[in-house]
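S.K.: the following block contains a protein sequence and its predicted model.
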Amino acid sequence: MPTVYFTDTEGTTREITGNPGDSVMETAVRNGVPGIVAECGGSLSCATCHVFVREDELPELPPMEDMEDEMLYGTAVDREENSRLSCQLKLCEGQDLHVTTPETQV
């Protein structure tokens, strides 16, 4: 089972086992992870599930699509090179992921 490590801006990390095929956002919401608002429920229309992916794990992820790229310009905290929307990151068997949530989503 894939594991997602959610770290908040204070440095607290939550380790959550997810289901292959679920998104990082779904995993966060299902487990009450603070810092993931997910107002649109994963329909790629709000950017309130913004996360920063650990740099060394970026190459393992599918490339960002144009719509996600556009939505990242509307985040409450400025995007960075490792910014992604967690609703667009699907968990895969045998792949762990480390993400940091921004200070705020709205």
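M.R.: Everything's here; your move.

S.K.: what's the burial count for V51?
M.R.: Here the number of neighbours of V51 (other C-beta atoms under 10 Å) works out to 26. Bear in mind the C-beta positions are built from the backbone N, C-alpha and C, glycine included.

S.K.: need phi/psi at the most centrally placed residue in the chain.
M.R.: The centroid of the chain falls nearest to S86 when counting by C-alpha atoms, centre = their mean (2.7 Å). Backbone torsions of S86, given as degrees, to the nearest 10, read phi -70, psi -20.

S.K.: repeat for V51
M.R.: phi -140, psi 160.

S.K.: list the contacts of it.
M.R.: 24, 36, 83-86, 89, 99-102 (C-beta atoms under 8 Å, 6 or more residues apart in numbering).

S.K.: out of those residues, which are inside strands?
M.R.: If you go by DSSP state E, those have 83-85, 99-100 in strands.

S.K.: in TSV: those, plus distance to E15, neighbour count and pLDDT.
M.R.: Shown next, in TSV, are the ones in strands among the contacts of V51 (distance: C-beta to C-beta, whole Å; neighbours: other C-beta atoms under 10 Å; pLDDT from 0 to 100):
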residue	distance to E15	neighbour count	pLDDT
S83	22	20	98
R84	19	22	98
L85	21	28	98
V99	12	23	98
T100	14	17	98
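
S.K.: can you give me the strands in this structure?
M.R.: 3-7, 13-17, 50-53, 83-85, 97-100.
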